[in-house]
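**Student:** Generate a structure from the sequence data that follows.
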Amino acid sequence: MIGFKKMRKLTKTYLLILSLLTILSVLSMRYVWSEHHPDFLYLIPIFFLVMLGIMYLLKRGNDRKGKDPTVFFLAYRLVKIMLSLIFLLVYFMTVRSHLLPFAVLFMIFYIGLSSVETIHFMKREKN
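**Tutor:** This is a model prediction of the structure:
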(Lines give C-alpha, C1' and ligand atoms only; values in the text may rest on other atoms or scores of the structure.)
Protein backbone atom coordinates (compact mmCIF):
# COMPACT_ATOMS: atom_id res chain seq x y z
CA MET A 1 0.00 0.00 0.00
CA ILE A 2 1.05 3.54 -0.62
CA GLY A 3 1.63 5.26 2.68
CA PHE A 4 0.19 8.64 3.51
CA LYS A 5 3.62 10.29 3.15
CA LYS A 6 4.17 8.79 -0.30
CA MET A 7 0.76 9.97 -1.51
CA ARG A 8 1.51 13.40 -0.08
CA LYS A 9 4.78 13.47 -2.04
CA LEU A 10 2.95 12.44 -5.22
CA THR A 11 0.34 15.14 -4.62
CA LYS A 12 2.96 17.85 -4.12
CA THR A 13 4.86 16.81 -7.24
CA TYR A 14 1.64 16.49 -9.26
CA LEU A 15 0.44 19.94 -8.18
CA LEU A 16 3.86 21.48 -8.86
CA ILE A 17 3.98 20.08 -12.40
CA LEU A 18 0.33 21.05 -12.97
CA SER A 19 1.06 24.61 -11.82
CA LEU A 20 4.15 24.89 -14.02
CA LEU A 21 2.32 23.54 -17.06
CA THR A 22 -0.56 25.93 -16.42
CA ILE A 23 1.69 28.97 -16.11
CA LEU A 24 3.73 28.05 -19.18
CA SER A 25 0.69 27.31 -21.31
CA VAL A 26 -1.10 30.52 -20.33
CA LEU A 27 1.98 32.65 -20.92
CA SER A 28 2.78 31.02 -24.25
CA MET A 29 -0.81 31.18 -25.50
CA ARG A 30 -1.35 34.77 -24.36
CA TYR A 31 1.93 36.33 -25.47
CA VAL A 32 3.50 34.09 -28.09
CA TRP A 33 0.53 32.59 -29.94
CA SER A 34 -2.25 34.96 -28.89
CA GLU A 35 -4.18 34.39 -32.11
CA HIS A 36 -4.54 30.68 -31.16
CA HIS A 37 -5.53 31.17 -27.51
CA PRO A 38 -8.41 28.77 -26.63
CA ASP A 39 -11.22 30.51 -24.77
CA PHE A 40 -11.59 27.73 -22.23
CA LEU A 41 -7.93 26.97 -21.55
CA TYR A 42 -8.62 27.03 -17.80
CA LEU A 43 -10.64 23.82 -18.15
CA ILE A 44 -7.50 21.74 -18.70
CA PRO A 45 -5.93 22.33 -15.25
CA ILE A 46 -9.37 21.95 -13.63
CA PHE A 47 -9.80 18.59 -15.37
CA PHE A 48 -6.47 17.35 -14.06
CA LEU A 49 -7.26 18.56 -10.54
CA VAL A 50 -10.43 16.49 -10.71
CA MET A 51 -8.34 13.54 -11.90
CA LEU A 52 -6.17 13.90 -8.80
CA GLY A 53 -9.31 13.60 -6.68
CA ILE A 54 -10.45 10.57 -8.66
CA MET A 55 -7.02 9.02 -8.11
CA TYR A 56 -7.49 9.38 -4.35
CA LEU A 57 -10.98 7.89 -4.46
CA LEU A 58 -9.84 4.89 -6.50
CA LYS A 59 -6.83 4.40 -4.24
CA ARG A 60 -8.94 4.51 -1.10
CA GLY A 61 -11.44 2.04 -2.57
CA ASN A 62 -8.65 -0.27 -3.65
CA ASP A 63 -7.05 -0.18 -0.18
CA ARG A 64 -10.38 -0.84 1.56
CA LYS A 65 -10.97 -3.92 -0.57
CA GLY A 66 -7.40 -5.10 0.03
CA LYS A 67 -6.63 -5.49 -3.67
CA ASP A 68 -3.20 -5.49 -5.27
CA PRO A 69 -1.84 -1.96 -5.97
CA THR A 70 -1.43 -2.95 -9.62
CA VAL A 71 -5.21 -3.24 -9.89
CA PHE A 72 -5.51 0.37 -8.69
CA PHE A 73 -2.92 1.57 -11.19
CA LEU A 74 -4.60 -0.18 -14.13
CA ALA A 75 -8.09 0.96 -13.08
CA TYR A 76 -6.90 4.53 -12.67
CA ARG A 77 -5.28 4.53 -16.12
CA LEU A 78 -8.44 3.18 -17.72
CA VAL A 79 -10.64 5.76 -15.96
CA LYS A 80 -8.23 8.55 -16.89
CA ILE A 81 -8.22 7.60 -20.59
CA MET A 82 -12.01 7.28 -20.73
CA LEU A 83 -12.66 10.59 -18.94
CA SER A 84 -10.07 12.34 -21.12
CA LEU A 85 -11.75 11.13 -24.29
CA ILE A 86 -15.17 12.18 -23.01
CA PHE A 87 -13.82 15.58 -21.96
CA LEU A 88 -12.24 16.21 -25.37
CA LEU A 89 -15.31 15.03 -27.28
CA VAL A 90 -17.62 17.28 -25.27
CA TYR A 91 -15.25 20.21 -25.73
CA PHE A 92 -14.94 19.64 -29.48
CA MET A 93 -18.70 19.30 -29.92
CA THR A 94 -19.58 22.39 -27.89
CA VAL A 95 -16.82 24.94 -28.43
CA ARG A 96 -15.74 24.33 -32.05
CA SER A 97 -12.97 26.94 -32.08
CA HIS A 98 -9.21 26.64 -31.57
CA LEU A 99 -9.53 22.86 -31.36
CA LEU A 100 -5.96 22.01 -32.37
CA PRO A 101 -4.24 24.29 -29.81
CA PHE A 102 -6.57 23.01 -27.09
CA ALA A 103 -5.91 19.38 -28.01
CA VAL A 104 -2.14 19.92 -28.16
CA LEU A 105 -2.11 21.63 -24.76
CA PHE A 106 -4.31 18.91 -23.30
CA MET A 107 -1.91 16.26 -24.60
CA ILE A 108 1.09 18.08 -23.12
CA PHE A 109 -0.65 18.15 -19.73
CA TYR A 110 -1.70 14.50 -20.09
CA ILE A 111 1.79 13.26 -20.96
CA GLY A 112 3.51 15.43 -18.34
CA LEU A 113 1.24 14.39 -15.49
CA SER A 114 1.12 10.75 -16.58
CA SER A 115 4.91 10.75 -16.47
CA VAL A 116 4.85 12.01 -12.88
CA GLU A 117 2.36 9.30 -11.90
CA THR A 118 4.25 6.54 -13.70
CA ILE A 119 7.60 7.48 -12.17
CA HIS A 120 6.02 7.57 -8.72
CA PHE A 121 4.33 4.18 -9.11
CA MET A 122 7.48 2.61 -10.58
CA LYS A 123 9.54 3.79 -7.61
CA ARG A 124 6.91 2.44 -5.25
CA GLU A 125 6.86 -0.97 -6.97
CA LYS A 126 10.67 -1.20 -6.77
CA ASN A 127 10.46 -0.87 -2.99
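**Student:** Just give me the longest helix of this protein.
**Tutor:** Secondary structure of the chain per DSSP state H: the longest helix is helix 99-126.
**Student:** residue boundaries of the helices in the protein?
**Tutor:** Along the chain, counting by DSSP H, helices occupy 4-27, 43-65, 69-94, 99-126.
**Student:** chain center to the last one: distance?
**Tutor:** Distance of helix 99-126 from its chain centroid, counting by CA atoms, centre = their mean, to the nearest Å, is 6 Å.
**Student:** And for the chain, the residue most distant from the center?
**Tutor:** residue 35 (25.9 Å; CA atoms, centre = their mean).
**Student:** For the residue nearest to residue 51 when sequence neighbours are not counted, the count of nearby residues, please.
**Tutor:** Counting by CB to CB, 6 or more residues apart in numbering, residue 51 lies nearest to residue 80, which is 5.9 Å off, once chain neighbours are set aside. Every C-beta, even on glycine, is put in place using the N, C-alpha and C of the backbone. Counted with other CB atoms under 10 Å, residues neighbouring residue 80 total 19.
**Student:** tell me the contacts of residue 80?
**Tutor:** Listed by CB atoms under 8 Å, 6 or more residues apart in numbering, the contact partners of residue 80 are 51, 54, 114.
**Student:** Check residue 75 too.
**Tutor:** 58, 62.
**Student:** Many thanks, have a good one.
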